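Undergrad: Below are the sequence and a predicted model; questions follow.
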Amino acid sequence: QLQLQESGPGVVKPSETLSLTCTVSGDPVSRTIYYWGWLRQPPGTGLEWIGSIYHTGSTNYSPSLKSRVTISLDTSKNQFSLKLTSVTAADTAVYYCARVEILTGYSMGYWGQGTLVTVSA
Amino acid sequence: QSALTQPASVSGSPGQSITISCTGTSSDVGGYNYVSWYQHHPGKAPKLMIYDVSNRPSGVSNRFSGSKSGNTASLTISGLQAEDESDYYCSSYTSINSLVLFGGGTKLTVL
């Protein structure tokens, strides 16, 4: 059974870098039929796509976050990671990782449980 | 690159049917049959309800159905039940930049 689990600090100071890792168990992140994605939900608002990474290391980012986001892949640990620089209070959100399935129209059938990251001094 | 457009809220009584729309462009919803729908209860992971416009994953009730016409996709829930009350999001593959676009979400209230 596939499982995804987000991990990282729950509090980040303004102007610093938010770093999260998604550990995948039950499927290798090197499989060619998936992308691996990050999404978030700020309080009181909807789900927001952050970006994704393919097994080749190719990435796609939301234009609104592209200048601050880096997603990377570590196949040896079966993990992928998110870095978001220069954070502000607007980056406070529940962050989710998910498997993006190419064969089912880039849908996301498996998600992590989400982790709340608060930006605060 | 704007998000897909969904109504902020819809409501219906138990047993009724409701439809949630999701409007995009020819670069996303209209150009590909790669629309998905998610149910999201606060504090839980989103659940995939529909993929490829109209396909249901195993275990999803057949009360949920999807369709598409032009640049607008729709999710229909028939025989509304109290447990259907939730937030619903559409998403689509996009040929521009980000790979995937999401809608702003629709809050379904079962009266």
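TA: On my side now, so go ahead.
Undergrad: Report all helices and strands that the lengthiest strand in chain B contacts.
TA: The residue-count maximum for a strand in chain B (DSSP state E) belongs to strand B:86-93. Packing partners of strand B:86-93 (3 or more C-beta pairs under 8 Å, 6 or more residues apart in numbering or on different chains; DSSP states H and E): strand B:18-23, strand B:35-40, strand B:72-77, strand B:100-102, strand B:106-110. (C-beta placed from N, C-alpha, C; glycine too.)
Undergrad: Tell me which of those sits nearest to chain A.
TA: strand B:35-40 (4.0 Å; C-beta to the nearest C-beta).
Undergrad: from the middle of its chain, how far away would the closest one be?
TA: Relative to its chain's centre, strand B:35-40 lies at 5 Å (C-alpha atoms, centre = their mean, to the nearest Å).
Undergrad: now stretch B:25-34
TA: The answer for stretch B:25-34 is 14 Å, by C-alpha atoms, centre = their mean.
Undergrad: What of stretch A:77-91?
TA: With C-alpha atoms, centre = their mean, you get 7 Å for stretch A:77-91.
Undergrad: So for that stretch, what gets flagged as buried?
TA: Applying a neighbour-count criterion of 16 or more other C-beta atoms under 10 Å in any protein chain shown, the buried positions in stretch A:77-91 are A:78-82, A:84, A:87, A:91.
Undergrad: mean confidence score for it?
TA: Averaging pLDDT along stretch A:77-91 gives 98.
Undergrad: Show me the contact partners of it.
TA: Stretch A:77-91 has contacts (C-beta atoms under 8 Å, 6 or more residues apart in numbering or on different chains) with A:12, A:14-25, A:28-29, A:36, A:38, A:42, A:50, A:53, A:65, A:68-74, A:95, A:97, A:117, A:119-120.
Undergrad: low-confidence ranges in chain B?
TA: Flagging of chain B using pLDDT under 70 yields the residue ranges B:1-2.
Undergrad: Show me which residues of chain B are close to chain A?
TA: B:1, B:32-36, B:38, B:40, B:44-46, B:48, B:51-53, B:55, B:57, B:87, B:89, B:91, B:93, B:97-105 (C-beta under 8 Å from any C-beta of the partner chain).
Undergrad: Show me which of those are buried.
TA: For those, a burial check counting by 16+ other C-beta under 10 Å picks out B:32, B:34-36, B:38, B:40, B:45-46, B:48, B:51-53, B:87, B:89, B:91, B:93, B:98-105.
Undergrad: Can you get me the start-to-end distance on stretch A:86-94?
TA: Terminal residues of stretch A:86-94 lie 18 Å apart, using C-alpha to C-alpha, to the nearest Å.
Undergrad: Double-check B:G79 against B:S13; I have them as touching.
TA: No: the pair B:G79 and B:S13 does not pass the contact test of C-beta atoms under 8 Å, sitting 11.0 Å apart.
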